[in-house]
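Student: Build the 3D model from these lines:
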Amino acid sequence: VKSAGPDQSKFIGFSAALTACCLSGFAGVYFEKILKGSDISVWMRNVQLAILSVPLGLITSYVKDGGIISDKGFFHGYDEFVWFTVAQNALGGLLVAVVVKYADNILKGFACSLAIIITCVASIFIFDFSISLQFAAGASL
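Tutor: Here you go, the predicted structure:
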């Protein structure tokens, strides 16, 4: 089944989204097992993850935008909104780690589902959003 866009397939898009959901679920369960199965604190586990992720992120950014970074600096173009987004993602990651440490992955899933429902209801009143059948089917998955 082809969509209107160039070189886009609904089947491949759906398959990629479904695979991402399954991998996210498996990763959440594995993360919970690792976090609860050891005596290492949440903070030390985050440091261990950062030891791997920070160098990979730096290498990727220099491979993609090395010339621009060399000319203008790493933080060129960062404004208040970018810093707010970075801080929000960092705090969100710490919050997820604490929730998984003291609750469980299933409770985190219910919290995410509840957040989607609350956002949907708020969008109806704030942005005059109307729910379509396609949206309802996608949200129910």
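Student: longest single helix anywhere in this structure?
Tutor: Counting residues, the longest helix in the chain under DSSP state H turns out to be helix 42-72.
Student: That one packs against which elements?
Tutor: Using 3 or more CB pairs under 8 Å, 6 or more residues apart in numbering; DSSP states H and E as the contact definition, the elements that helix 42-72 packs against are helix 10-36, helix 80-102. For the C-beta atoms, the positions are set from N, CA and C on the backbone; glycine is no exception.
Student: quick check: angle from that helix to helix 80-102?
Tutor: If you take axes from the mean of the first three to the mean of the last three CA atoms, to 10 degrees, helix 42-72 sits at 160 degrees to helix 80-102.
Student: And for Val100, the neighbour number?
Tutor: Burial of Val100, expressed as a neighbour count using other CB atoms under 10 Å, amounts to 20.
Student: typed the wrong thing, it's Ser38
Tutor: As a measure of burial, Ser38 has 10 neighbours, counting by other CB under 10 Å.
Student: now Leu35
Tutor: Here the number of neighbours of Leu35 (other CB under 10 Å) works out to 18.
Student: so it touches Asn46, yeah?
Tutor: No: here Leu35 lies out of contact with Asn46, judged by CB atoms under 8 Å, at a distance of 10.3 Å.
Student: low-confidence ranges in this protein?
Tutor: Applying pLDDT under 70 to the predicted model, the residue ranges of the chain that meet it are 1-6.
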